[in-house]
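> Curious how this folds, go ahead:
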Amino acid sequence: MTTILRLPTGPDQLTLPALLLRNAEDHGDLPALSWQDASGGRTTLTWSEVRHETAVLAAGYGALGVERGEQVLMMMGNRPEHWLTDLALTHLGAVPVSVYGTAAPGQIAHIARHSRARFAIVEGAGELERWAPLLADATVPLEALVVVEPSEAGPHRSYGRLRATGERLRSDEAFDTAWRETRAQDPLTVVYTSGTTGDPKAVPISHRGVVSNALALDRVVELPDHVEHICYLPFAHIAERMLGIYLPVFRASHVHLCADTAAVAVTARALHPAQFFGVPRVWEKLAASLRAALGGLPEERRAAVEAANATAREHVACRERGERPSAELEASYKAAKETVLDPVLSLAGFERLVWTASASAPMPLDVVRFWAGFGIVVMDAWGLTETVGVFTTNSPSAFRLGSVGRPLEGLELRVADDGEILVRGGTVFAGYLRADGTLDGALDADGWFPTGDIGRIDDDGYLWLTDRKKEMIITSTGKNVSPALVENTLKEHPLIGQALVHGDGRSYLVALLVLDTEMAPAWAAARGIEGDPLTSPEVHEEIARAVEAANARLNRTEQIKRHRLLTREWGPETGELTPSLKLRRRVIREQYADALDALYAREED
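Numbering: from 1, shown residues only. From the prediction side, this is the model:
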């Protein structure tokens, strides 16, 4: 439990503005928000300065015409203007809505129509190209755009001009009057789910839902006071909304904005944070980088690391069983950590970590075990936008590697006959928001919400994810296959960075594979292979052996009969991944339809 918390009112009545005022009063001189400025240096605002900026911007947006209760759209990266605008709109009683920067024009138009938003704040020319045409679209209520980059604003209002207006018109009395009208049951944001198919659905999230989730998390998460958070996932995703905005306000912690996801590793090395959250793909890439670095060590040093890894895994296994490590094991682990593991982890900035977590998709077990070898237990969690983020989680005092933990206090889950996970509790939403402002109810008569995820609950109450219900493969013989299970098994080989398994309605499975961009060059160099690893016969032979090894661990229905190694990595920018780095299976199947057909070209067995 965070020791610094003073709740200014009862938990059921708390709002985000009340917590920001608490931070300014109790922790005003402490850092709240940091980012890299144009000169390459770091700029930091304290909690007092954050509240001042929030008041200035609230006055500016009020002068623009933003009204209580209306949705205001934002498409910006992880930059201070996005973070501060979010708080400013909240203090006006408006509803800030972040839109994924990778959203296509059609998706943006859908959200603009559905939200009935009159205003949008966008970053620059790249966003204007998609947003400006909507101003002339009679079916879209959009009236004005605010542009953050001053040189790219053109005829639109610039963020700087809006802020200057706010500085001139700011009134402490008007600011306080506005936010004090907000009630805990009022909407704090609306999150449009990214989805892998179809139009995004609107999920309304209240102040009460966020505070309830924050309190429940705080009972199981053990963090230092004012802990740092590296904020790099899109604010359009519920995970970063909670981790990068709401929980830092709740905990009075310190947010470090990372505008470029490619710079996350560099930021971690500079900050040496005490906590780190990453979706599975991020943990996979970090593990691949560390594996590559270890592969270049002298044999004697590498042997010392491997011995220390074994000690750390034994220590983690003991804790996982709920046992207290023996004095001998504790001493061995402490020595291994101080003399071998921490010096290696310090290269990544991870030697101070006390809390590490993942969510969004099942974590490959080999990646979890790799980090356990350094004493880092990645606390896998699970939840949905519809549950205000985390619903189940592991904790340092109770975890099972490979599971996503147990429900937070006050929440319930069960598994239906077909394996679908159902949830119920105070943070579960009531329904999706319709365009007219009413709700499309999503709960059954007993209050259960069907999540679309498939899983099982073990005898100790831990939830184990299998796959998404809609993504399960049904072969021509009627067998059900979890593609995520097979893909994660394939990715246990360090050369395979990404995988998609295909075979719905077919008699056998095939796979599209992508080389790990971190590990492949190091693997090739260590074997004297020059040039592009993708063209190397040795690499292709190793991939074939990796598929064979994976098949040996899978049942006959799950085994891969044929595969193809692709030439480039998948990403959100090219459409194969969602912004939270989940596979967009339909998109990949369409893009690589010819390659998949070729894998089935020969007569099926």
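
> Hmm, residue 332 and residue 318 touching each other?
No. With contact defined as C-beta atoms under 8 Å, residue 318 does not count as touching residue 332 (11.5 Å). C-beta here means a position set from N, CA and C on the backbone, and glycine is covered the same way.

> Please parse this structure into its domains.
13-208+223-271, 280-468, 472-599 (automatic domain parsing).

> Adding distance to residue 6, write the ones you listed out as TSV.
Below are the domains of the chain laid out as TSV (distance: least, C-beta to C-beta, whole Å):
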stretch	distance to residue 6
domain 13-208+223-271	6
domain 280-468	21
domain 472-599	33
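
> want to try JSON lines for those, with mean neighbour count as columns?
JSON lines is the format used below for these (neighbours: other C-beta atoms under 10 Å):
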{"stretch": "domain 13-208+223-271", "mean neighbour count": "19"}
{"stretch": "domain 280-468", "mean neighbour count": "18"}
{"stretch": "domain 472-599", "mean neighbour count": "17"}
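
> for the stretch 1-150 of the chain, what are the low-confidence residue spans?
1-4 (pLDDT under 70).

> so what's residue 407 up against?
Neighbour list for residue 407: 391-392, 413, 425, 461, 463 [criterion: C-beta atoms under 8 Å, 6 or more residues apart in numbering].

> if I look at it, how far off is residue 391?
6 Å (C-beta to C-beta, to the nearest Å).

> hey, what's in contact with both of these two?
With C-beta under 8 Å, 6+ apart as the test, residue 407 and residue 391 both reach 413, 425.

> Out of the contacts of residue 407, which comes closest to residue 352?
residue 392 (26.6 Å; C-beta to C-beta).

> next helix or strand past whatever helix or strand the closest one lives in?
Here residue 392, judged by DSSP states H and E, is contained in strand 389-393. Where DSSP H and E defines the elements, the next helix or strand beyond strand 389-393 is strand 406-407.

> Paired strands for that next one, with orientation please.
strand 389-393 (antiparallel) (DSSP bridges).

> which residues touch the strand it pairs with?
Under C-beta under 8 Å, 6+ apart, the answer for strand 389-393 is 213, 217, 220-221, 238-239, 241-242, 357, 359, 379-384, 404-408, 411, 413, 423, 425, 427, 463.

> Which residues are in contact with residue 162?
Residues near residue 162 by C-beta under 8 Å, 6+ apart: 57, 60-61, 63-64, 146.

> With residue 339 instead?
residue 308.

> now residue 476
Counting by C-beta under 8 Å, 6+ apart, residue 476 touches 505-507.

> Secondary structure, distance to residue 154 and pLDDT for these - can I get that in CSV?
Below are the contacts of residue 476 laid out as CSV (DSSP: H, G, I helix; E, B strand; the rest coil; distance: C-beta to C-beta, whole Å; pLDDT from 0 to 100):
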residue, secondary structure, distance to residue 154, pLDDT
505, coil, 51, 84
506, coil, 52, 87
507, coil, 57, 87
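
> okay if I get the residues you listed as JSON lines plus distance to residue 22?
Formatted as JSON lines, the contacts of residue 476 follow (distance: C-beta to C-beta, whole Å):
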{"residue": "505", "distance to residue 22": "57"}
{"residue": "506", "distance to residue 22": "58"}
{"residue": "507", "distance to residue 22": "62"}
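
> Helix, strand or coil: sort out residue 545 for me.
Three-state call for residue 545 (DSSP: H, G, I helix; E, B strand; the rest coil): helix.

> quick one: residue 491 and residue 363 touch, right?
No. Between residue 491 and residue 363 no contact is recorded; they are 10.6 Å apart, counting by C-beta under 8 Å.

> which one of the contacts of residue 476 sits closest to residue 537?
Once C-beta to C-beta is applied, the member of the contacts of residue 476 that ends up nearest residue 537 is residue 506, at 28.7 Å.

> Now do the spatially closest residue to that closest one that is not a sequence neighbour against residue 441, distance only.
Excluding its sequence neighbours, the residue lying closest to residue 506 (C-beta to C-beta, 6 or more residues apart in numbering) is residue 476, at 5.8 Å. Going from residue 476 to residue 441 by C-beta to C-beta gives 38 Å.

> just residue 226 next, same as before
Residue 226 is 41 Å from residue 441, by C-beta to C-beta.

> just checking, what packs against the longest strand seen in the chain?
Determined from DSSP state E, the single longest strand within the chain is strand 449-457. With contacts defined as 3 or more C-beta pairs under 8 Å, 6 or more residues apart in numbering; DSSP states H and E, strand 449-457 has these neighbours: strand 411-415, strand 420-425, strand 463-468.

> Repeat the analysis, applying 6 Å as the threshold.
Here strand 449-457 touches strand 420-425, strand 463-468, going by 3 or more C-beta pairs under 6 Å, 6 or more residues apart in numbering; DSSP states H and E.

> Relative to residue 259, which of those strands is closest?
Per C-beta to C-beta, nearest to residue 259 of these: strand 463-468, 30.5 Å.

> In terms of secondary structure, what does that closest one contact?
Secondary elements touching strand 463-468 (3+ C-beta pairs under 6 Å, 6+ apart): strand 449-457.

> Output the strand it packs on as CSV, restricted to C-alpha atoms.
Extracted in CSV, the C-alpha atoms of strand 449-457 (Å, rounded to 0.1, in the frame of the first residue of the first chain):
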residue,chain,number,x,y,z
PHE,A,449,-19.8,-9.8,-18.8
PRO,A,450,-18.5,-12.2,-21.5
THR,A,451,-14.9,-11.1,-22.2
GLY,A,452,-14.2,-13.1,-25.4
ASP,A,453,-11.1,-14.6,-23.8
ILE,A,454,-10.7,-18.3,-23.3
GLY,A,455,-9.0,-19.6,-20.2
ARG,A,456,-9.1,-21.8,-17.1
ILE,A,457,-9.0,-21.2,-13.3
